[in-house]
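# Kindly return the folded structure for what I paste below:
(chains A and B)
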Amino acid sequence: MSAGQPPMDSPEIQRLTPVLGPGHTYASVTDKISAIVLTRRTSVGWYIGFLLAFSIFGVMNIAIGYLFMKGTGIWGINIPIGWGFAIVNFVWWIGIGHAGTLISAILFLLNQKWRTSINRFAEAMTLFAVACAGIFPLIHTGRPWYAFWMFPYPSVMGIWPQFRSPLIWDVFAVSTYGTVSLLFWFVGLIPDLATLRDRSTSKPKQIIYGMLALGWRGSARHWQRYQSAYLLLAGLATPLVLSVHTVVSFDFSVAIVPGWHTTIFPPYFVAGAIYSGFAMVLTIAIPLRKAYGLEDFITMRHLENMAKVMLATGLIVAYGYFFEFFMSLYSGNKFDVFLVQQRLHGPYAPFYYALILCNILIPQLLWFQRMRTNVVVLFIMSIIVNVGMWLERFVIIVISLTRDFMPSAWGRYSPTFWDWATLIGTMGMFVMLIFLFVRVLPAISIAEMRELVTETSEEHK
Amino acid sequence: MAQIFHRSTNFISRFSLFSAVFLVGLGLVGVLGLARSPYSTNQNVVRAQPVQFSHKHHVGDDGLDCRYCHTSVETSAVAGIPPTKTCMNCHSVLYADAPYLEPIRESFRTNQSIQWVKVHRLPDFVYFNHSIHVNKGVGCSTCHGSVNQMPLMFQASPLLMEWCLDCHRNPEKVLRATKEDVFDMNWKAPEDQAKLGKQFAIERKIRTTAELTSCSTCHR
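Numbers count the residues shown, from 1 in each chain, chains lettered A, B, ... in the order given. The predicted model follows:
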């Protein structure tokens, strides 16, 4: 968060790398963003990309359909590894979903102007990532049609969910996060939906956008209410950025399994979540600005700031790894010490080294401004970080479960075809939703960009 | 520019928002009610049996003890369905030629059991033991209702888990004083049941609520 504050906000540098390209007016901003949705012809590339993502989404549906028919035996899990890909993927996706709220809520409260052009699609990305994440805890339950048992309702069984279990906290944390993120996203969209309604030429579009705009007329009273609602939601969403992944980390740290039972998990999970979330925002922003010529709106300054946030959170994660390692050795607990040995020399050691490489070593390149301002490097880096964050969850879950207290209870884990199909399928779903979003909703907040026009024009005087 | 929406849209949108909340609530109440209704629990539903045996006649009018037929109720998990021989103890003499009882005589002649239809079906994943309940003072009629007034047998209780737990959380409200009381179909809780029940629970070493409601008490 603190990344990019004092030097970046000095007027000199701001002029060099502005948050909005020069020469824009209210009209040009509105035209350019709404044209993507309303007037521009849908490109062939969009169709190809969408179809590709849609077919991968189909793979996910087949994988889940087959799972419902056969049960979780089609996956690589078996006792002692009851948590395989499903939980790895859940934690990974929910972590990715953290950047949206951080950008839209915390940076909003901190008055960071550079959030403006990236908050809309970062929030959309958050929602889609949470949707992908939500699939996994549901389908890993074995009998997903009873998933509603996790909610507290007066059931005929006469019992409530086990409120002392972190898995139930998860249900509340994730569903609250999903709801607040959706509300926040939607409230932010209302003025833009009204813009789209007013600019639509066909009746169906006018009706659909009109209904979604909830009768927005842009009156002073509307704006006043909108601003206070947005501020309130930002305030509500801010603690969620910290709480959701904290609760997810409790899934592990409340258990007594070696390698899970540590107090450093909550902060280091939250940092990891923001790390992977910003990486995913970069992964989306870089192709998006290229495809739609939005370099004026998503400027180098945005990319560089996100890279700095990645560097900062990456260092917190590195600190977490180091202290996880150190505390295990310092504790003298033979199971904890053994787990460290297993990470370094065990059967899954290559994953651990790959994780260190992806999450700690390679991102150190971001110290150099030349790397932070190189779009190709940033794009590759963002993917490397996300691979690394996935590996982190794999290392945490699989190594600990395969090597717990009793050698007689040790095991091995390897994912099956269906594990991979589900993971890659959710990526297809994610990309498909992003494609749809870019096509039917303004990917950048028009109303907030208009505000930025005034603010930046004052700066340029 | 012409208006996209008619004026009435303002009302319709507000109305549909509120009614959506209302409908969701109503739907939830409906589903939860249906899950507890006889439609889903089979409570109060009379089953057709090979012979229309009347508990009202045998227990209520003739005064047979439950254990005359359900012999293993005090010693075993299941109360036991009587063999045809038990019927023939009397019916070799009484109504010995009644056409109504021909299936009984046929079963006796051919040594083939009568295929009685089970009325109280618990799920397979529930471990239930009659003897512990009877020996600790839970009466037959607490769960099976006033069998002495049932011409045809039906399930008097919903047999839902919340119904089981209702007693397991407060066993003292159903505990009876003596064995006679346990098999008494007309037993009514005395006025000081709350006090008596607590006393019986201590005397008979009935386990704590935490133990009685532990998962593995019933799901073994």
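
# which parts of the stretch 201-350 of chain A sit against chain B?
A:Lys203, A:Gln206, A:Ile207, A:Gly210, A:Met211, A:Leu214, A:Gly215 (C-beta under 8 Å from any C-beta of the partner chain). The C-beta positions use only the backbone N, C-alpha and C, and glycine is treated the same way.

# How is the residue lying closest to the first one once chain neighbours are set aside assigned, secondary-structure-wise?
Put plainly, it is A:Lys203. Counting by C-beta to C-beta, 6 or more residues apart in numbering or on different chains, the nearest residue to A:Lys203 once its immediate chain neighbours are dropped is B:Ile4, at 7.8 Å. Using DSSP: H, G, I helix; E, B strand; the rest coil, the secondary structure recorded for B:Ile4 is coil.

# Out of the residues of the stretch 201-350 of chain A next to chain B, who's the most crowded?
With neighbours taken as other C-beta atoms under 10 Å in any protein chain shown, the top of those is A:Gly210, carrying 22 neighbours.

# what sits against B:Phe125?
B:His219 (C-beta atoms under 8 Å, 6 or more residues apart in numbering or on different chains).

# Let me know the pLDDT of it.
B:Phe125 is assigned 92 on the pLDDT scale.

# Wait, a strand at it?
No - per three-state DSSP, B:Phe125 lies outside any strand segment and is coil.

# Let me see the confidence value for residue 6.
No chain specified, so I'll use chain A. Confidence at A:Pro6, expressed as pLDDT, is 42.

# that's the wrong chain, I wanted chain B
89.

# Now for it, how many residues are close by?
9.

# Now do the same for A:Gly259: helix, strand or coil?
Per three-state DSSP, A:Gly259 ends up coil.

# Which residue is it, in the stretch 251-400 of chain A, that comes closest to chain B?
Closest approach between the stretch 251-400 of chain A and chain B, counting by C-beta to the nearest C-beta: A:Ala255, at 18.9 Å.

# re earlier: show only the entries of the residues of the stretch 201-350 of chain A next to chain B found in helices.
A:Lys203, A:Gln206, A:Ile207, A:Gly210, A:Met211 (DSSP state H).

# give me the low-pLDDT residue ranges for chain A?
Low-confidence segments of chain A (pLDDT under 70): A:1-17, A:457-461.

# now the strands for it?
Taking DSSP state E as the test, none of chain A falls into strands.

# thinking again about what came up before, looks like the residue of the stretch 251-400 of chain A closest to chain B contacts A:Phe265 (just checking).
No - with contact defined as C-beta atoms under 8 Å, A:Ala255 does not reach A:Phe265; the gap is 10.5 Å.

# Check chain B for its longest helix and report it.
Longest helix in chain B, counting by DSSP H: helix B:9-36.

# returning to what we had before: backbone phi and psi for the residue of the stretch 251-400 of chain A closest to chain B, please?
Main-chain dihedrals, A:Ala255, degrees, to the nearest 10: phi -70, psi 160.

# give me every residue that touches the residue lying closest to it once chain neighbours are set aside.
Distances taken as C-beta to C-beta, 6+ apart place A:His261 nearest to A:Ala255, at 6.4 Å, with adjacent residues excluded. Residues near A:His261 by C-beta under 8 Å, 6+ apart: A:Phe252, A:Ser253, A:Ala255.

# Now a ChimeraX select for only the buried ones of these.
Selection of buried members from the contacts of A:His261 for ChimeraX, criterion 16 or more other C-beta atoms under 10 Å in any protein chain shown:
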select /A:252,253
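
# could you point out which element follows the longest helix of chain B?
Per DSSP states H and E, the first helix or strand lying C-terminal to helix B:9-36 is helix B:38-41.

# Now the helix or strand following that following helix: average pLDDT?
Following helix B:38-41 in sequence order, the next helix or strand is helix B:55 (DSSP H and E). In this model, helix B:55 carries a mean pLDDT of 95.

# interface residues of chain B facing chain A?
Chain B comes close to chain A at residues B:4-5, B:9-10, B:13, B:28, B:32, B:35-36, B:160-166, as judged by C-beta under 8 Å from any C-beta.

# By neighbour count, which of those wins?
Highest neighbour count within these, by other C-beta under 10 Å: B:Cys164, with 22 neighbours.

# circling back to that earlier point, mind listing what the residue nearest to A:Lys203 touches?
By C-beta under 8 Å, 6+ apart, the contact set of B:Ile4 is A:Arg197, A:Lys203, A:Gln206, A:Ile207, A:Gly210.

# can you tell me which two in the residues you listed are farthest apart?
Pairwise distances across the contacts of B:Ile4 (C-beta to C-beta) peak at 11.3 Å, for the pair A:Arg197 and A:Lys203.
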